[in-house]
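1. Here is the input, now give the coordinates:
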Amino acid sequence: MMPTADPISVGSDALDETKAYLRIDGTDEDEPLGRIIAAAIGHGEAFTGQVLLARGIVETMPVSVAWQRLGRTPVSAITAVESAAPGADPAALPADAYAIDIDAAGDGWVRVIAPAGATRAQVQYTAGLAEGWSGLPEPLRQGIVRLASHLYTHRDAADEGAPPAAVAALWRPWRRMRLS
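-> Model (predicted):
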């Protein structure tokens, strides 16, 4: 099952930087521009294979004594492992019933040693390259701003073409790909 993440939160720093790039004064366009920035961040995450801004993730996986990699990266904390029986509320597993690890690459790992009848586990964790906008490396921020600007500028054009190639060039050094 795909992990579910908290919504992308676009702070005032991202909004201000994008508005400055677009030379927008005032607050009339803040709401649609915020949604466009969130979409640009989502595209950046899909391209890089990493969660860019830290947020909570919930992932349900089959119970196994084998180590299983969490679906999002980089993981900064694994906060809960619960049994997720169908039709029942999640219940915290005792600390000695599971093992967790975060490796040097930021991948989170979980295994359930004593499932106590559970067939699925629900793992709650935090993942993200940076805690906030200002913590993102400049090329990632600039790629988000440029993509958001492109999406904003061409939002009403039916056939405006692809985003600027510079966006992919800015994001490429942070791209993580893995074979499943």
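2. Just the buried positions in the lengthiest helix in the chain, please.
-> Determined from DSSP state H, the single longest helix within the chain is helix 30-48. Neighbour-count burial for helix 30-48 flags 33-34, 36-41, 43-45, 47-48 (criterion: 16 or more other C-beta atoms under 10 Å). Placement of C-beta: from N, CA and C, glycine included.
3. what helices or strands is that helix leaning on?
-> The helices and strands touching helix 30-48, judged by 3 or more C-beta pairs under 8 Å, 6 or more residues apart in numbering; DSSP states H and E, are helix 12-22, helix 138-153, helix 165-171.
4. The first one: how far from the chain's middle?
-> Same thing as helix 12-22. Its chain's C-alpha centre and that of helix 12-22 lie 21 Å apart, by C-alpha atoms, centre = their mean, to the nearest Å.
5. I'd like the average pLDDT over it.
-> Averaged over helix 12-22, pLDDT sits at 94.
6. same thing with the second one?
-> Per-residue pLDDT over helix 138-153 has a mean of 95.
7. what sits up against the helix or strand of the chain with the lowest mean pLDDT?
-> Taking mean pLDDT, DSSP states H and E as the measure, the chain has strand 4-5 as its least confident helix or strand, at a mean of 78. For strand 4-5, the external contacting residues (C-beta atoms under 8 Å, 6 or more residues apart in numbering) are 51, 55-59, 72, 127.
8. let's see it at 6 Å
-> Contact with strand 4-5 is made by 55, 57-58, as judged by C-beta atoms under 6 Å, 6 or more residues apart in numbering.
9. same deal with stretch 103-123?
-> By C-beta under 6 Å, 6+ apart, the surrounding residues in contact with stretch 103-123 are 59-61, 63, 65, 67-70, 73-75, 78, 81-85, 90, 97-102, 125.
10. same question, stretch 60-75
-> Residues outside stretch 60-75 that contact it (C-beta under 6 Å, 6+ apart): 1, 3, 50-51, 57, 59, 84, 102, 106-112, 115, 118-122, 125, 127.
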